[in-house]
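1. Okay, predicted coordinates and the sequence, questions at the end:
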Amino acid sequence: MNMKRTICALLLTAAGAAVLTACQSGSSQSTGNPVSESSHVIPYGGGSRSESSEATPLSEAEKAANDLFNSANYALIDMKTNNIDITKMNGDYTFRGSDCEGKTMRSSANTEAELLSGLQGGMLYYYDKVTEQDEIAVHIENGKCTATAAGKEGVYACFPRVDSTTAFTSLTDALSAGVQNAK
């Protein structure tokens with residue numbers, strides 16, 4: 001196993017050196033002159049440098065809905081790992097981000113209220129910006145978060161995401177769209 005890693009590392013190093021050498025010593029085919037450094041743009045992360053990185057209220061809500069989805073599922077996994085029966089949580093739950101403040105992950109829970117408190121504590125643990133959201137909705141089925149919605153200053157988004165041209169007028173509409181998109 002260690003030998004395979006060594007060989008892979010050597011191959012990756014050689015390939016990287018070949019790419020760098022080719023980029024630095026390339027020439028223009030039409031003129032035969034060396035290519036200037038400014039003519040080489042290596043895209044990063046699959047994106048273009050000309051794309052705007054300015055956050056919009058909608059893009060922030062979409063990112064928050066995605067982060068809420070991930071944090072809710074991680075929290076539910078932790079609860080299952082602690083042998084907590086999360087089957088009592090089923091359906092839609094809405095709350096404010098500030099409701100998560102001061103909550104912690106639980107090692108036991110018997111009631112639906114305790115389960116929700118543990119979920120909120122887990123979401124805070126995995127997504128520390130959860131408290132910045134005005135409105136949050138999660139849809140839980142069979143011990144799994146299948147959809148989320150986030151709202152801040154009247155802008156709503158859901159995850160799984162719906163096309164970016166869709167505008168939601170409420171948190172309920174956004175969550176319903178997320179639930180439908182998850183199917």
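-> Cool, got the structure.
2. rest of the way, CA atoms for contacts and neighbours
-> Noted.
3. And the helix ranked longest in the chain, what does it pack against?
-> The longest helix of the chain (DSSP state H) is helix 57-81. Packing contacts for helix 57-81, counted by 3 or more Cα pairs under 8 Å, 6 or more residues apart in numbering; DSSP states H and E, involve helix 112-126, strand 144-152, strand 155-159.
4. Could I get those in a markdown table, plus columns for mean neighbour count and mean pLDDT?
-> Conversion of those to a markdown table gives the following (neighbours: other Cα atoms under 10 Å; pLDDT from 0 to 100):
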| stretch | mean neighbour count | mean pLDDT |
| --- | --- | --- |
| helix 112-126 | 21 | 96 |
| strand 144-152 | 27 | 95 |
| strand 155-159 | 29 | 95 |
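5. Could you export these to TSV, including columns for distance to residue 85?
-> Output for the helices and strands packed on helix 57-81, formatted as TSV (distance: least, Cα to Cα, whole Å):
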stretch	distance to residue 85
helix 112-126	9
strand 144-152	12
strand 155-159	25
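6. For residue 92, find the nearest of these.
-> Nearest of the helices and strands packed on helix 57-81 to residue 92, taken as Cα to Cα: strand 144-152 at 9.2 Å.
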